[in-house]
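Asker: Predicted structure and sequence below. I'll ask about it afterward.
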Amino acid sequence: MPGAATAAVVDNRRCTRHAEGPATVLAIGTANPANICPQDEFTDYYFGLTKSEHLTELKDKMKRICQKSGIEKRYIHLDEELIRAHPEIIDKNLPSLKLVPKLAESAARKAITEWGRPATDITHLIFSTYSGWRAPSADLQLATLLGLRPTVSRTILSLHGCSGGSRALQLAKEIAENNHGARVLVALSELTLVCFSTPDESKIVGHGLFGDGAGAIIVGADPLADGKRPLFEMVAASQTMIPGTEHALGLQATDKGIDFHLSIQVPTVIKDNIHQCLLDTFQSVGNTDPNWNDLFWAVHPGGRAILDNIEGKLQLEPGKLAASRHVLSEYGNMSGAMIVFVLDELRRRREKEEGVQQQPEWGVMLAFGPGITVEAMVLRNPFSTGIN
Ligand SMILES: CC(=O)CC(=O)SCCNC(=O)CCNC(=O)[C@H](O)C(C)(C)COP(=O)(O)OP(=O)(O)OC[C@H]1O[C@@H](n2cnc3c(N)ncnc32)[C@H](O)[C@@H]1OP(=O)(O)O
């Protein structure tokens, strides 16, 4: 009827509301496979598993790397039973990666339990992994396993490598702050199975450092609606690409799995650039002269030498990177999932030390990935009374 048409779409764009507070970490969960590999037994185990005992020079080199790695043990899904059942893993056909969403589910369930709300209250899911490239992808599988609502807004990130966790958290921060009431589940799950290969000089460091694990974090702004104090406030974030370093760190999907490359220069490149990256990040929040020792530190422990170089360059007091060193020692390098373990360790130490020694009010989260890319985020400890 002319003049009486009913609008098919109600345009409510002007009603879109931003959150009232900054994004915060509301809950954390982590998970690992059951199989533990002590680092001092790994070289014999790996060369035996791959029937490569005859490569004696390479084996000795891996022993030297493992001794200097700062790692006590790692969790690695792949064991002799799995190899027996799937001999194609050694032959480098695409291995089974069913565990990728399953491990993420286990970490996510812990985070959701800690959060205390139903999984159907999750509005967004960001899943980051280097270990799965298929469609429908691991984010959809995880949403199904957790029983998330069918309208949950899903995003999958792949091949951000070790900075995948920080990248996902930056995106979650932006989503939470720009969508009133959003509750974003960030899930990371990494399995070395996908880059498993027989010993090879160019990959010996990766095989000596990488482990398996998953982490999950729930991010939301306006946290009081959840009835609890958040764990960390996510104040400001930056992503910096270090020009001319594309060759130094890389991951590549091939028909045989993931090929990776870690140049011996990685720790030095990070050392030479970290100070300026941090100055730029803190300048964006109005702090032009930060005292690095006044902060708490959540650094992705990509390797012991990286932590040593950051500590030396910024003249950090001993103990500032203790949470990162502890996670490296207990799990090895779990790539993107690792930053969740470091945040978890920091809050555990905060709870343990409460009343004895207070963690600083302000902190920084750092991760490094292919590019080389540095992801940084200024954090605030909401439990601080403001005395550093
Ligand atoms: C994939 C992603 O997205 C992101 C990431 O993974 S980032 C991963 C980043 N991690 C790294 O790059 C590893 C950082 N490196 C380290 O932690 C240490 O160098 C290390 C534990 C590997 C060795 O400790 P170190 O104190 O440097 O001992 P050092 O005696 O110099 O080296 C031991 C051996 O490792 C070799 N080595 C060190 N780094 C190497 C590399 N990247 N590639 C190949 N060999 C390497 C050295 O040449 C040396 O070999 P020899 O014993 O035969 O001489």
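Answerer: Looks like it came in fine. Numbering: from 1, shown residues only.
Asker: only C-alpha atoms for contact and neighbour calcs from this point on.
Answerer: Noted.
Asker: how about the residues of the protein that lie near the ligand?
Answerer: Listed as neighbours of the ligand in the chain under the rule Cα under 6 Å from any ligand atom: 61, 64-65, 68-69, 161-162, 202, 205, 262-264, 266-267, 302-306, 335, 368-370.
Asker: Next one: the closest residue to Tyr331 other than its chain neighbours from Asn35, what distance?
Answerer: Spatial nearest neighbour of Tyr331, chain neighbours left out: Arg74 (4.3 Å); criterion: Cα to Cα, 6 or more residues apart in numbering. For Arg74, the distance to Asn35 (Cα to Cα, to the nearest Å) stands at 9 Å.
Asker: Comparing the two, which shows the higher neighbour count?
Answerer: Between Arg74 and Asn35, Arg74 has the larger neighbour count (other Cα atoms under 10 Å), namely 27 against 12.
Asker: Pick out the residue in the stretch 51-200 of the chain sitting closest to the ligand.
Answerer: Gly161 (3.2 Å; Cα to the nearest ligand atom).
Asker: What does that residue show for phi and psi?
Answerer: Main-chain torsions, Gly161, degrees, to the nearest 10: phi 60, psi -130.
Asker: what about the nearest residue to it once chain neighbours are set aside, distance to Asn291?
Answerer: Nearest non-adjacent residue to Gly161, counting by Cα to Cα, 6+ apart: Gly369, 5.5 Å away. Applying Cα to Cα, the value for Gly369 to Asn291 is 25 Å.
Asker: Please say which of the two ends up with more neighbours.
Answerer: Neighbours per residue (other Cα under 10 Å) separate Gly369 from Asn291, with Gly369 holding more: 24 against 10.
Asker: burial measure for Ala119, as a count.
Answerer: 18.
Asker: Please report how far it lies from Lys203.
Answerer: Ala119 is 40 Å from Lys203, by Cα to Cα.
Asker: now Arg304
Answerer: Applying Cα to Cα to Arg304 and Lys203 gives a distance of 17 Å.
Asker: same question, Arg154
Answerer: 33 Å.
Asker: strand partners of the longest strand along the chain, parallel vs antiparallel please.
Answerer: Assignment by DSSP state E gives strand 232-241 as the longest strand of the chain. Strand pairing for strand 232-241, using DSSP bridges, gives strand 24-31 (antiparallel), strand 373-380 (antiparallel).
Asker: what's the offset of that strand from the middle of its chain?
Answerer: Relative to the mean C-alpha coordinate of its chain, strand 232-241 is positioned 14 Å out (Cα atoms, centre = their mean, to the nearest Å).
Asker: Low-confidence regions, the stretch 101-250 of the chain specifically.
Answerer: Counting by pLDDT under 70, the low-confidence segments of the stretch 101-250 of the chain come to 223-225.
Asker: what pLDDT, on average, does stretch 68-88 get?
Answerer: Model confidence over stretch 68-88, given as mean pLDDT, is 83.
Asker: just stretch 34-44 next, same as before
Answerer: pLDDT averaged over stretch 34-44 gives 94.
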